[in-house]
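K.L.:
Fold the stuff below for me.
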Amino acid sequence: MHSPRVLLLVACAVFALHACFTASTRVRADEGMWLPNAFPSAEVGKKYGFTPDQAWLDHVRLASARLAQGCSGSFVSPDGLVMTNHHCAHECIEQLSSPKRDYVATGFYAKTQAEELKCPALEINQLVSIEDVSQRMAAALANKSGQAYSDAKKAEQAQLEKACATSDDLRCEVVELWEGARHHLYKYQRFQDVRLVFAPELAIAFFGGDPDNFNFPRYDLDVSFLRIYSNGKPAKLEHYFPFSQSGAQDNQLTFTSGHPGHTSRDLSVPELLFERRVSLPRRLQNLAELRGQLVEFGRRGPEQARFSRGLLFGVENSLKAFKGRFQALMDGALIEQKRARDKTLRIKLGADKRPGYSTAFASIEKAVAKLEEISDYYDLLERGRAFPGDLFGIARTLVRGAEELPKPNQSRLPEYTDSSLPGLKQELFSPAPIHPELEQLTLRFGLTKLREILGADDPIVKKVLGKKSPEKLAQELVRGSTLANVAIRKQLFEGGKAAVDASKDPLIALAKLIDGDARAVRKRYEDEIESVLEKAHEAIATVRFETYGTSVYPDATFTLRYSYGTVKGWIERGKPIPPFTNVRGAFERETGEDPFALPKSWLNARAKLNLDTPFNFTSTNDIVGGNSGSPVIDKNAQIVGLIFDGNLPSLGGDYGFEEKNNRAVAVHSASILEALRVVYNATRIADELRAK
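P.N.:
So this is what the prediction gives:
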């Protein structure tokens with residue numbers, strides 16, 4: 001759904017170039033987002049004295065969870081209990097809330113299994129197998145370029161995924177690794193019956209609010225517990241992470257298993273400069289303006305503040321994250337190090353006789369120039385920046401579904417292939433509430449940006465707006481739509497093209513009106529830009545992979561990765577930052593005013609709490625966005641913490657990693673257990689976490 005809710009070697013970015021080419025022969029820094037089937041166990045053993053074997057790696061894989069909507073988690077009991085962040089479960093908590101029962105503000109605890117509430121649109125995945133399909137993909141793409149390359153790639157991926165996903169309980173994805181040098185087929189067990197078990201109040205889950213975000217010290221209980229069900233009963237699991245008796249200790253070896261969403265550590269200099277010059281400034285301006293409108297919207301009343309705060313949190317979080325990325329790219333030293341890396345690769349490729357290899361960098365430069373030509377139209381029309389909101393996303397899904405589903409599976413857009421349909425239907429038919437007032441605001445904002453960016457005389461702007469203002473059109477579209485009704489959505493989806501064509505819904509009409517233009521710019525992007533970049537990246541990555549193999553890790557792709565590191569502080573402005581905070585510090589920081597107001601449950605429990613209990617901690621584990629909810633485990637595969645953030649230097653982690661001051665921030669396992677027992681009397685959950 002098109003909702004506004006916010007889905008090379010790393011050493012080359014930070015250290016001298018020679019380090020990149022000797023990495024496999026030395027003990028490197030604690031950097032890397034490693035594949036579960038290509039983990040540097042021997043290197044970890046050499047540095048830390050513990051060598052993870054295959055049984056350990058497999059157990060960690062099967063005990064790790066992916067929230068399909070964009071976060072990580074872990075299985076923490078044999079009865080399907082899942083631990084993740086509060087901010088990862090926030091949308092579910094908000095959707096289950098109402099004006100009379102605001103679980104985001106008051107927290108939620110199911111005292112019995114019968115009281116666990118089903119999340120309207122949450123899916124959890126368990127990675128059960130990985131298959132190397134590189135040879136098959138290479139054969140399908142051999143001697144192809146442009147549209148032929150793009151079409152062949154989509155068709156082969158669709159066929160592989162369809163053959164793999166033999167039931168709706170399985171989710172299969174062809175994953176491109178090392179920029180196309182290898183392709184793996186990931187098979188997941190899919191759980192769509194996910195229920196909320198426990199969530200603390202937002203005031204403690206996000207204590208310190210935006211001012212403390214990406215900072216340290218922190219005092220956040222950013223945790224929620226969910227449960228996966230199978231056939232109406234809690235799923236039985238063989239692999240899960242029990243809680244450690246002591247939790248994280250200073251200088252302890254730690255591992256994370258999570259799903260970092262995206263990194264750009266292997267991008268070429270022309271692509272990085274495009275991000276610095278065009279993409280990131282545009283995103284920052286858009287987010288800053290939207291943030292202002294959402295803040296004002298929340299002041300209309302307590303109900304508006306309630307149902308818009310999840311979106312506001314996502315916008316504020318993204319704004320800070322993109323600022324960090326932009327600042328990283330403004331570092332001239334980083335760009336020069338990337339230039340040196342690219343120069344070495346250009347020499348290697350220039351001597352390579354394989355078709356397209358010697359011209360790989362020139363192809364990237366041409367593709368980036370074309371991207372600059374169409375990026376406004378692509379962002380506004382196809383990525384939906386001009387039409388944000390749940391209702392338009394529903395309308396587009398229905399319109400495109402009516403066109404795509406009658407086609408052969410391999411000829412459809414990837415989001416409508418057979419392997420994608422279970423997830424698409426879950427979101428499309430979600431009973432989660434839709435708030436018309438917020439829909440009007442976001443749609444008005446998008447339509448305003450459409451006119452502002454393309455200009456009032458642009459044919460598409462005239463087609464969409466006519467003589468109406470963005471505010472007037474947004475109001476008419478939202479008020480006239482019936483798509484908030486799940487029964488109507490099902491009727492339209494199941495009725496296919498005939499039902500969609502007969503619909504008088506104004507948002508369906510808008511989706512149909514601009515679909516031709518959106519598809520056209522998408523096709524141009526895929527044929528002239530994406531396929532060219534992918535083919536060039538594949539050539540560069542193949543040369544690199546032939547030299548270094550799996551001794552270097554690929555960029556993040558929202559697939560399972562392991563990182564290793566140690567519990568450790570850092571030096572900031574000449575002062576040491578200790579790696580731990582404790583519960584006492586939260587009460588010392590408490591002011592009684594948001595965002596530093598502790599909830600009443602904590603104030604009432606102060607006398608009973610062990611104030612020396614470790615609360616949050618930092619480590620050198622290499623993480624980025626998408627790792628939220630990742631477990632922090634020790635060498636015994638026991639929970640010692642829960643990743644929920646990084647510090648400010650970590651925001652440049654999209655492009656590189658510097659162990660000196662890049663830190664992951666986690667909730668200490670001891671504070672989770674202390675809060676469950678003492679603050680919330682949630683003994684049912686605390687006892688289950690100890691089970692083994």
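K.L.:
And Val464, how far from Leu381?
P.N.:
10 Å (Cβ to Cβ, to the nearest Å). C-beta: built from backbone N, CA, C; applies to glycine.
K.L.:
Could you name every residue contacting both of the two?
P.N.:
Taking Cβ atoms under 8 Å, 6 or more residues apart in numbering as the contact criterion, the common neighbours of Val464 and Leu381 are Ile514.
K.L.:
more neighbours, these two?
P.N.:
Neighbours were tallied for Val464 and for Leu381 using other Cβ atoms under 10 Å; the higher tally belongs to Leu381 (25 against 22).
K.L.:
Surely that one is in contact with Asp517?
P.N.:
Yes. The pair Leu381 and Asp517 qualifies as a contact (Cβ atoms under 8 Å) at a distance of 5.6 Å.
K.L.:
shared neighbours of those two, anything?
P.N.:
Common neighbours of Leu381 and Asp517, using Cβ under 8 Å, 6+ apart, are Ile460.
K.L.:
The one helix or strand Arg479 maps to: how far from the chain's middle?
P.N.:
Arg479 is part of helix 470-480 when elements are defined by DSSP states H and E. A distance of 31 Å separates the centroid of the chain from that of helix 470-480, by Cα atoms, centre = their mean, to the nearest Å.
K.L.:
Buried residues in that helix, which are they?
P.N.:
470, 473-475, 477-478 (16 or more other Cβ atoms under 10 Å).
K.L.:
In a markdown table: those residues, plus distance to His537 and pLDDT.
P.N.:
A markdown table is the format used below for the buried residues of helix 470-480 (distance: Cβ to Cβ, whole Å; pLDDT from 0 to 100):
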| residue | distance to His537 | pLDDT |
| --- | --- | --- |
| Pro470 | 38 | 98 |
| Leu473 | 40 | 98 |
| Ala474 | 39 | 98 |
| Gln475 | 44 | 98 |
| Leu477 | 40 | 98 |
| Val478 | 41 | 98 |
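K.L.:
Out of these, flag the one nearest to Asp501.
P.N.:
The closest of the buried residues of helix 470-480 to Asp501 turns out to be Leu477 (Cβ to Cβ; 18.6 Å).
K.L.:
so what does the strand or helix carrying Thr442 touch, helix or strand wise?
P.N.:
In the assignment (DSSP H and E), Thr442 maps to helix 436-454. With contacts taken as 3 or more Cβ pairs under 8 Å, 6 or more residues apart in numbering; DSSP states H and E, helix 436-454 sits against helix 280-298, helix 302-329, helix 360-377, helix 390-404, helix 459-465, helix 470-480.
K.L.:
Turn those into TSV, including distance to Leu510.
P.N.:
As requested, these are exported to TSV (distance: least, Cβ to Cβ, whole Å):
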stretch	distance to Leu510
helix 280-298	20
helix 302-329	21
helix 360-377	17
helix 390-404	7
helix 459-465	7
helix 470-480	6
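K.L.:
If we go by neighbour counts, what in the strand or helix carrying Gln159 is buried?
P.N.:
Under the criterion of DSSP H and E, Gln159 resides in helix 146-164. Within helix 146-164, the residues scored as buried using 16+ other Cβ under 10 Å are 149-161, 164.
K.L.:
sorry, back to before: can you list the buried residues of helix 470-480 in CSV and add distance to Pro217?
P.N.:
CSV is the format used below for these (distance: Cβ to Cβ, whole Å):
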residue, distance to Pro217
Pro470, 43
Leu473, 47
Ala474, 43
Gln475, 46
Leu477, 46
Val478, 43
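K.L.:
Could you point out which of the residues you listed is nearest to Thr417?
P.N.:
For Thr417, the nearest member of the buried residues of helix 470-480 is Leu477. The distance, counting by Cβ to Cβ, is 29.4 Å.
K.L.:
from memory that closest one sits against Leu507, does it?
P.N.:
Yes. The pair Leu477 and Leu507 qualifies as a contact (Cβ under 8 Å) at a distance of 5.5 Å.
K.L.:
which residues are common contacts for those two?
P.N.:
By Cβ under 8 Å, 6+ apart, the residues touching both Leu477 and Leu507 are 391-392.
K.L.:
residues touching Ala65, list them.
P.N.:
Applying Cβ under 8 Å, 6+ apart, the residues contacting Ala65 are 72-75, 82, 84, 124-126.
K.L.:
Confirm it sits in a helix?
P.N.:
No. Assessed with DSSP: H, G, I helix; E, B strand; the rest coil, Ala65 is strand; it does not lie in a helix.
K.L.:
Bridged to it, which residues?
P.N.:
Beta-bridge partners recorded for Ala65 (DSSP bridges): Gly73.
K.L.:
and the gap between it and Gln126?
P.N.:
In this view, Ala65 and Gln126 are 6 Å apart by Cβ to Cβ.
K.L.:
And for Ala432?
P.N.:
Using Cβ to Cβ, which is the criterion applied here, Ala432 is 24 Å from Gln126.
K.L.:
Pick out whichever of the two has more residues nearby.
P.N.:
Neighbours of Ala432 and Gln126, each counted by other Cβ under 10 Å, are more numerous for Gln126; the result is 23 against 16.
K.L.:
hang on, the more buried one packs against Tyr186?
P.N.:
No. Using Cβ under 8 Å as the test, Gln126 is too far from Tyr186 to be in contact (10.9 Å).
K.L.:
Next, Gly626: secondary structure please.
P.N.:
Going by three-state DSSP, the state assigned to Gly626 is coil.
K.L.:
which non-adjacent residue is nearest it?
P.N.:
Counting by Cβ to Cβ, 6 or more residues apart in numbering, Gly626 lies nearest to Gly261, which is 3.0 Å off, once chain neighbours are set aside.
K.L.:
Could you look up the SS state of that neighbour?
P.N.:
Under the three-state scheme (three-state DSSP), Gly261 adopts coil.
K.L.:
Check whether it really touches Gly629, as I assumed.
P.N.:
No. In this structure, Gly261 is not within contact of Gly629 by Cβ under 8 Å, at 11.8 Å.
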